[in-house]
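Peer 1: Mind folding the following:
(6 chains)
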6 protein chains.
Amino acid sequence: MFKHEKHLLHEVKVDRPNPTYAAMLQEQLGGANGELKAALQYLAQSFRIKDKEIKDLFLDIAAEELGHMEMVATMINMLNGHDVEGQVVMSGTIEPQVLSGLTPMLTNASGAPFTGNYISATGDLAADILSNVAAEQGAKVVYEYLYRQINDKGVRETIDFLLNREEAHNALFREALNKIQGKGSGKDYGVDEDARLYFDLSAPGQYFKDPQPTSPGFQNPRQH
Amino acid sequence: MFKHEKHLLHEVKVDRPNPTYAAMLQEQLGGANGELKAALQYLAQSFRIKDKEIKDLFLDIAAEELGHMEMVATMINMLNGHDVEGQVVMSGTIEPQVLSGLTPMLTNASGAPFTGNYISATGDLAADILSNVAAEQGAKVVYEYLYRQINDKGVRETIDFLLNREEAHNALFREALNKIQGKGSGKDYGVDEDARLYFDLSAPGQYFKDPQPTSPGFQNPRQH
Amino acid sequence: MFKHEKHLLHEVKVDRPNPTYAAMLQEQLGGANGELKAALQYLAQSFRIKDKEIKDLFLDIAAEELGHMEMVATMINMLNGHDVEGQVVMSGTIEPQVLSGLTPMLTNASGAPFTGNYISATGDLAADILSNVAAEQGAKVVYEYLYRQINDKGVRETIDFLLNREEAHNALFREALNKIQGKGSGKDYGVDEDARLYFDLSAPGQYFKDPQPTSPGFQNPRQH
Amino acid sequence: MFKHEKHLLHEVKVDRPNPTYAAMLQEQLGGANGELKAALQYLAQSFRIKDKEIKDLFLDIAAEELGHMEMVATMINMLNGHDVEGQVVMSGTIEPQVLSGLTPMLTNASGAPFTGNYISATGDLAADILSNVAAEQGAKVVYEYLYRQINDKGVRETIDFLLNREEAHNALFREALNKIQGKGSGKDYGVDEDARLYFDLSAPGQYFKDPQPTSPGFQNPRQH
Amino acid sequence: MFKHEKHLLHEVKVDRPNPTYAAMLQEQLGGANGELKAALQYLAQSFRIKDKEIKDLFLDIAAEELGHMEMVATMINMLNGHDVEGQVVMSGTIEPQVLSGLTPMLTNASGAPFTGNYISATGDLAADILSNVAAEQGAKVVYEYLYRQINDKGVRETIDFLLNREEAHNALFREALNKIQGKGSGKDYGVDEDARLYFDLSAPGQYFKDPQPTSPGFQNPRQH
Amino acid sequence: MFKHEKHLLHEVKVDRPNPTYAAMLQEQLGGANGELKAALQYLAQSFRIKDKEIKDLFLDIAAEELGHMEMVATMINMLNGHDVEGQVVMSGTIEPQVLSGLTPMLTNASGAPFTGNYISATGDLAADILSNVAAEQGAKVVYEYLYRQINDKGVRETIDFLLNREEAHNALFREALNKIQGKGSGKDYGVDEDARLYFDLSAPGQYFKDPQPTSPGFQNPRQH
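Peer 2: As a prediction, the model looks like this:
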């Protein structure tokens, strides 16, 4: 079960309203690499996990991502200002001006609604963890793009916090994969000859050699 | 921020596996009147609410609905059994057999993915609360349909609990509307003459008189 | 069956072209609280209604909403001007400039296509009517947002007419609910103990008391 | 504006309930080649048509397709029987059993919701009419598939009527194209050399000669 | 099977960056009348075609459309410039600035993701070919709108090439229909009386006579 | 540009028709981990890649996945048999029986249409490659589920080939990541203190230590 606390996971600061940037930030609320996607993906995957340690990890991070979602929504709120007024948005969707009365929407930066299609859950731990590492890396990339496009010091500090948390999750998921290496879909990698062929179908050029696959595992994701 | 506790909000019981019924129950996990929809709708609406009491009510219920979602997912898990085997599903979508390895999916009973289109948030309290009352009534209806189509005693007890919780939420939202009656979009109802006309456009028959609109408010939602 | 008359339900006036506002107005043509949604929702619900009076009400209003849809499309047409020219749209989607040759599209203000996901039909009169009351209130809210963002006198008069019609429909649907109170999903409200609990899951604060639910019904929606 | 008459455009007959076939028939209610798609496509296209004769044709047919939609919905109703009971559907989606209480849904045979993506409106008469001819031919094909899969005499008679109406519309749209041939996007066909080349990109084989394009026009769509 | 060659099907030129126009051009990459839609529609239709000549035609054109898609993507790349910077997009979606790092996206000009709903494949040659003729005409129309809205000489030359190719495909598909006229869904046209009625449902006006349908066929699509 | 050869990349065998299994196999044609998704994801990512060796790898694999798509479609064709007949599908969607005349559809096993939402392209090589490794692992998992649910020897051999090819691609993508380690979004990992915290938000239990993140890299994906 879930409990909610009204204080945010981490303080959110915004120096001044900026409705155009609010539209851009929607991407991390309801978009393909956004916080809601991360929260629901890890939660959905956890529904059938039996490994106690990994289930706990997934749920720790899922709960944190719900907290991130609230932080992003709070930033959008502050950036949107007080009144519906379509003309203040220089570029990007203006749907919050006509539909939601500036309430942060569960959409991406184009106004496309959040969709379960963003979520991957396969019932296989190796596949799910690799998917989560990719999700965390993608979320970091989007925060980097957003960081570069604003000078607002408060916004930058908040994005910086969120970006660093994605790095933490990324490393933790990598550790989780290494714990279960060679299990589930990681079994029997590269046994068949068909797995050791390279089909050179785009001309010109072939720069990689025939693969000799091993089970996926990460280099030590932890500094020492 | 959110915290998670691994025990369920309320015990879930299932007497025996029933993959066809698991497919039907998906409707309340990822469907239009399902638990995820309710949780996210109330959470999204709360992002911009200033009324402290109503914001608290929305978040109390949003957190509970997340807990309901886990209960529904747990039931689906138990009903699905242990092995992917498409033939055991007599009717309904078999996608969990090929994509998610029986992990409960964030889809409806037809396998259509959860979508933000299910969620209504207008930035106006009266409109949002009316939307929530409708959502709770709709959720009750779906649980009633599901109840009738199974004899499994454990499933029926769990559905009965969830159905009653929707009644509770329904009444609470109605009280909330009455607290703010005549505010926001409830203002100035029926002032213009155009609001007091009836256009009889489907023939034959007109059974309602010209309206004389008042602001929406509920009869006492509380027994005394 | 349906018949069409080429004259509009009510005159539409626009003082001058305004492609940015045309993009905003799309919300009420193909959006979540728009006229097409209302028309199709009431029509779809009516397919299985046996109560003769309520079926007539639903179809009277469905037919009127189709007429509203034509009015909104006509306004968008007039606001769009005569030539495709993406640069004239200051904010909002420019898809009509590249895809539809300025023909009003069945999309919302973000260009997201109309979807059946907006439509709720449960086969239960109480749930459907509550959904319709919410839809009418939501439509009123969107028209209020749109009204505030334009000074064009012709547009304002047309929006005012449409907004008042939603008030009329709202009151009529509330009367309909009161006629069937305690039937269908309105039965047996608050009987179980589980329906009389409050779960205080968002901290701090609880401002509502334990509910004691009654069947949903509206205060007299008619002035006297 | 639209007016509704409660009698159907044409009598609908069903010999006996058949919930599996009801699920299949959904395709023509809310699917890609279904009646709602046809009605809304012709209506949306008409919004900006200036040619008086063609605008009238589009609206005559749009209104008729709304009437077909009601006929299909009535058949689904009769085929679905009286009680929600998932087990009676042998194959196909069972969502009406859990969500809509057997109300015909605005979805296709897979339960995917109706979407504006099915609708094509380009603001160019030649392109729109060609699109409509294709839509009518596609609708005929689906009715042929449905006809073959049922022995119910009442259903077959109703499908036969609908199928023949699509043929009528098809021929009328072809006449409309011939009336405007060489206008709009029909202008200047085949003038450039690039329009007169054949790129043979799938091996083996090339069975068509280099094109020498003329403006699209149909052979006489009318018997004499 | 498919092979790829890294050189483009035809040279692409762009005089200078223009991120707003890049957003508009997305329509032909991932939109309803775009190159990806055309490629996948013809490919999907070909999966079950038995007529050797027509299967070859469909696959020749499908492969060419994939090459067009690369050309459009290359133009978008060049128009987007080098740095993510939302402010440079005057109107239209800014999602590539926050999600894809300016990589051309498989979306339309509103940022709506490509969808299989754009694709029509009926298993009937007559219906599929008519659908393809409509698709080619629609693609031509969109290129005409795009051509008018830019002065960049390089872009105009590239669009001109693509537009002419659509004319070539259009004529070839029309020849294909004529080859199979009267087969499949083209059989038995206009036999029933119901196919020879006109329902005059939009008042005022009826400008077309009762149809007397023949099987669809095109006037000679080839100049002589 | 693309060229097509009509022979398949690899022989496809099916011992006997099995329409229910055809419905299941749709998942790998148009589903979230299917062949079309893989092909389009790698192609879309390649649009802006400057690294010559990695661009070639992406395009070699994209072209191969298009070939896989044809193989899957051919299997579905063979499994579907010759006549539309909804009753032969025991479970799963029956839409090909009513809409596509048994033509393999660009949908998943639930009949949900292919969507660009499945595709991830971030403009950052590290994020894209991690996403591709996850996609290949997910595809392998789905093939494993499908393999277990059929005894048809021909189908099993074909699935085995495809499954092994995903292993090969997986290993190649891992090598590609290692080549660019520490670049793009791989830079500056774990520098901030916020990246080195663990938030224990799901009770009871914490089984992982505070992370000390390094840049993502794979253990040698190649046997020696």
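
Peer 1: Pull the contacting residues for the residue in chain A that chain E sits nearest to.
Peer 2: Here chain A gets closest to chain E at one residue, residue A:110, 2.6 Å apart by C-beta to the nearest C-beta. Where you see a C-beta, it was placed from the backbone N, CA and C, and this is true even at glycine. Residue A:110 makes contacts with A:92-93, C:110-111, E:93-95, E:107, E:110-112, as judged by C-beta atoms under 8 Å, 6 or more residues apart in numbering or on different chains.

Peer 1: and the closest residue to it other than its chain neighbours, how many residues sit next to it?
Peer 2: Residue nearest to residue A:110 in three dimensions, not counting chain neighbours: residue E:111, with 2.6 Å by C-beta to C-beta, 6 or more residues apart in numbering or on different chains. Per other C-beta atoms under 10 Å in any protein chain shown, the neighbour tally for residue E:111 reads 29.

Peer 1: before we move on, what about the one 5 residues further on?
Peer 2: When neighbours are defined as other C-beta under 10 Å, residue E:116 has 24 of them.

Peer 1: mind checking how far it is from chain D?
Peer 2: Distance of residue E:116 to chain D, computed by C-beta to the nearest C-beta, to the nearest Å: 9 Å.

Peer 1: before we move on, what about residue A:56?
Peer 2: In terms of C-beta to the nearest C-beta, residue A:56 sits 33 Å off from chain D.

Peer 1: pretty sure that residue is touching residue F:198, no?
Peer 2: No - Residue A:56 is beyond contact range of residue F:198, at 11.1 Å (criterion: C-beta atoms under 8 Å).

Peer 1: The two: which has the busier surroundings?
Peer 2: Between residue A:56 and residue F:198, residue A:56 has the larger neighbour count (other C-beta under 10 Å), namely 22 against 17.

Peer 1: Can you name the helix or strand that that one falls in?
Peer 2: Residue A:56 belongs to helix A:52-80 when assigned by DSSP states H and E.

Peer 1: Show me what that helix is packed against.
Peer 2: The contact analysis (3 or more C-beta pairs under 8 Å, 6 or more residues apart in numbering or on different chains; DSSP states H and E) places helix A:52-80 against helix A:19-30, helix A:35-46, helix A:125-148, helix A:153-179, strand B:2-5, strand F:202-203.

Peer 1: Mean neighbour count and mean pLDDT added to those, as a markdown table?
Peer 2: Shown next, in a markdown table, are the helices and strands packed on helix A:52-80 (neighbours: other C-beta atoms under 10 Å in any protein chain shown; pLDDT from 0 to 100):
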| stretch | mean neighbour count | mean pLDDT |
| --- | --- | --- |
| helix A:19-30 | 27 | 97 |
| helix A:35-46 | 25 | 98 |
| helix A:125-148 | 26 | 98 |
| helix A:153-179 | 22 | 97 |
| strand B:2-5 | 22 | 98 |
| strand F:202-203 | 20 | 94 |
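
Peer 1: how about the ones you listed, which one is nearest residue B:215?
Peer 2: Of all the helices and strands packed on helix A:52-80, it is helix A:19-30 that lies closest to residue B:215, at 31.2 Å by C-beta to C-beta.

Peer 1: Can you name every helix or strand that the closest one contacts?
Peer 2: helix A:35-46, helix A:52-80, helix A:125-148, helix E:95-98.

Peer 1: coming back round to it: got the contact list for the residue nearest to residue A:110?
Peer 2: A:93, A:108-112, C:110-111, E:26, E:93, E:95, E:105 are the contacts of residue E:111 under C-beta under 8 Å, 6+ apart.

Peer 1: just these now: which is nearest chain D?
Peer 2: residue C:111 (10.1 Å).

Peer 1: Against chain B, how distant is the spatially closest residue to residue A:193 that is not a sequence neighbour?
Peer 2: Closest residue to residue A:193 apart from its sequence neighbours, by C-beta to C-beta, 6+ apart: residue F:164 at 7.9 Å. Applying C-beta to the nearest C-beta, the value for residue F:164 to chain B is 19 Å.

Peer 1: Which residues of chain A lie near chain E?
Peer 2: Residues of chain A lying near chain E by C-beta under 8 Å from any C-beta of the partner chain: A:20-21, A:23-24, A:27, A:31-33, A:90-93, A:108-112, A:141-142, A:145-146, A:148-149, A:201-205.

Peer 1: how about a cut-off of 6 Å?
Peer 2: A:24, A:27, A:91-92, A:109-110, A:112, A:145, A:149, A:201-203 (C-beta under 6 Å from any C-beta of the partner chain).

Peer 1: Now, the contacts of residue A:110 that are in helices?
Peer 2: Among those, the ones falling in helices (DSSP state H) are residue E:95.

Peer 1: pLDDT check: weakest of the contacts of residue A:110?
Peer 2: Lowest pLDDT within these is found at residue A:92 (87).

Peer 1: who's in contact with it?
Peer 2: Residue A:92 makes contact with A:23, E:94, according to C-beta atoms under 6 Å, 6 or more residues apart in numbering or on different chains.

Peer 1: cool, and residue A:195?
Peer 2: A:213, F:164, F:167-168.

Peer 1: Just put those residues in CSV and tack on distance to residue C:159.
Peer 2: Converted to CSV, the contacts of residue A:195 look like this (distance: C-beta to C-beta, whole Å):
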residue, distance to residue C:159
A:213, 63
F:164, 62
F:167, 60
F:168, 61
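
Peer 1: which pair in those residues spans the largest distance?
Peer 2: The farthest-apart pair in the contacts of residue A:195, when distances are taken by C-beta to C-beta, is A:213 and F:164, at 8.9 Å.

Peer 1: Looks like residue A:182 contacts residue A:214 (just checking).
Peer 2: No - Residue A:182 is beyond contact range of residue A:214, at 9.2 Å (criterion: C-beta atoms under 6 Å).

Peer 1: Counting neighbours, go ahead and name the busier of those two.
Peer 2: Between residue A:182 and residue A:214, counted using other C-beta under 10 Å, residue A:214 has the larger neighbour count: 22 against 13.

Peer 1: residue contacts, that one?
Peer 2: So residue A:214 contacts A:189, F:221, F:223 (C-beta under 6 Å, 6+ apart).

Peer 1: top of the residues you listed by neighbour count?
Peer 2: residue F:221 (24 neighbours).

Peer 1: can you list the helices and strands packed on helix A:52-80 in JSON lines and add distance to residue F:16?
Peer 2: Below are the helices and strands packed on helix A:52-80 laid out as JSON lines (distance: least, C-beta to C-beta, whole Å):
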{"stretch": "helix A:19-30", "distance to residue F:16": "46"}
{"stretch": "helix A:35-46", "distance to residue F:16": "36"}
{"stretch": "helix A:125-148", "distance to residue F:16": "31"}
{"stretch": "helix A:153-179", "distance to residue F:16": "40"}
{"stretch": "strand B:2-5", "distance to residue F:16": "49"}
{"stretch": "strand F:202-203", "distance to residue F:16": "49"}
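
Peer 1: right, and these - which one's nearest residue D:135?
Peer 2: helix A:19-30 (33.3 Å).

Peer 1: orientation of that closest one relative to helix A:35-46 in degrees?
Peer 2: 0 degrees (axes from the mean of the first three to the mean of the last three C-alpha atoms, to 10 degrees).

Peer 1: ok, residues contacting helix A:19-30?
Peer 2: With C-beta under 6 Å, 6+ apart as the test, helix A:19-30 has contacts from A:34-36, A:72-73, A:76, A:79-80, A:88-90, A:92-93, A:104, A:106-109, A:114, A:150, E:86, E:98-99.
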